[in-house]
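Peer 1: Could you look at this predicted model? Sequence included:
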Amino acid sequence: MKTVTIYTDGACSGNPGPGGWGAVLLYGEHQKELSGGEAQTTNNRMELTAVISALELLKEPCTVELWSDSKYVIDGLSKGWAKSWRARGWKKADKKPALNPELWERLLNLTEIHTLHYHWVKGHADNAYNNRCDELAVAESHKF
C-alpha cells in the first residue's frame, strides 16, 4: 500500500460561527492542499471535515500518517471513543449524546478502508505543515 502523510486543521471564528478547514496531503514528491468552510459551524466540525475530505480524496486504500492538533479527532479515533459512541447508538459513556455523529460515521467508514496511524501535533508551534493547514482554515473562515 502507498503511504500518504496528511496534515489537517480546523478553525472557527466564534464557536459556533464562520469556520474553515485545511489539509495538506504528501505522497513522495507530490503535495496537494485542500480547504473549505461553512458560514455557521464549530471548530470540531471543521477538524472532522478536514480529515474526512483528505481521506475521501484517496483513490485506493492507503497507509495514512495522520497529523492533527485536534485532541478531539486524534483521541476520538486512537482511543476508540468514536467506535464506542457508535456502538452505543451515538451515546457517550455518560449517556449524553455524542456530538457530530454524521461526521464521525463518515470518518469511521473511511478508517475501515485505510490503515491510519495517528499523531497529535502542537498547534500554532513550529510544524510548517500544521501551520499551513491553519492558514488555509483561517482564510476559508474569513470568506463568511
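Peer 2: Received the coordinates, thanks.
Peer 1: Please make it C-alpha for all contacts and neighbour counts, starting now.
Peer 2: OK.
Peer 1: how distant is stretch 18-33 from the center of its chain?
Peer 2: 11 Å (CA atoms, centre = their mean, to the nearest Å).
Peer 1: pLDDT averaged over it - what is it?
Peer 2: Average pLDDT, stretch 18-33: 98.
Peer 1: Pull up the per-residue confidence for Asp126.
Peer 2: At Asp126, pLDDT is 89.
Peer 1: before we move on, what about the one 10 residues further on?
Peer 2: What the model reports for Leu136 is a pLDDT of 98.
Peer 1: mind listing what's buried in the one helix or strand it maps to?
Peer 2: Assigned by DSSP states H and E, Leu136 falls within helix 128-141. Under the neighbour-count criterion of 16 or more other CA atoms under 10 Å, helix 128-141 has 129-141 buried.
Peer 1: Which elements pack onto that helix?
Peer 2: The helices and strands touching helix 128-141, judged by 3 or more CA pairs under 8 Å, 6 or more residues apart in numbering; DSSP states H and E, are strand 2-12, strand 17-27, strand 30-41.
Peer 1: What residues of the first one count as buried?
Peer 2: Within strand 2-12, the residues that qualify as buried are Thr3, Val4, Thr5, Ile6, Tyr7, Thr8, Asp9, Gly10, Ala11, Cys12, counting by 16+ other CA under 10 Å.
Peer 1: got it, and the longest one?
Peer 2: Of the residues in strand 30-41, Glu33, Leu34, Ser35, Gly36, Gly37, Glu38, Ala39, Gln40, Thr41 count as buried by neighbour count, 16+ other CA under 10 Å.
Peer 1: what separates Leu116 from Gln40, distance-wise?
Peer 2: 30 Å (CA to CA, to the nearest Å).
Peer 1: Quick one: residues contacting the residue most central in space within the chain.
Peer 2: For the chain, the residue nearest the mean C-alpha position is Val51 (3.0 Å; CA atoms, centre = their mean). Taking CA atoms under 8 Å, 6 or more residues apart in numbering, we find Val51 in contact with Thr8, Ala23, Leu107.
Peer 1: cutoff 10 Å now
Peer 2: 6-10, 21-23, 66-68, 73, 107, 110 (CA atoms under 10 Å, 6 or more residues apart in numbering).
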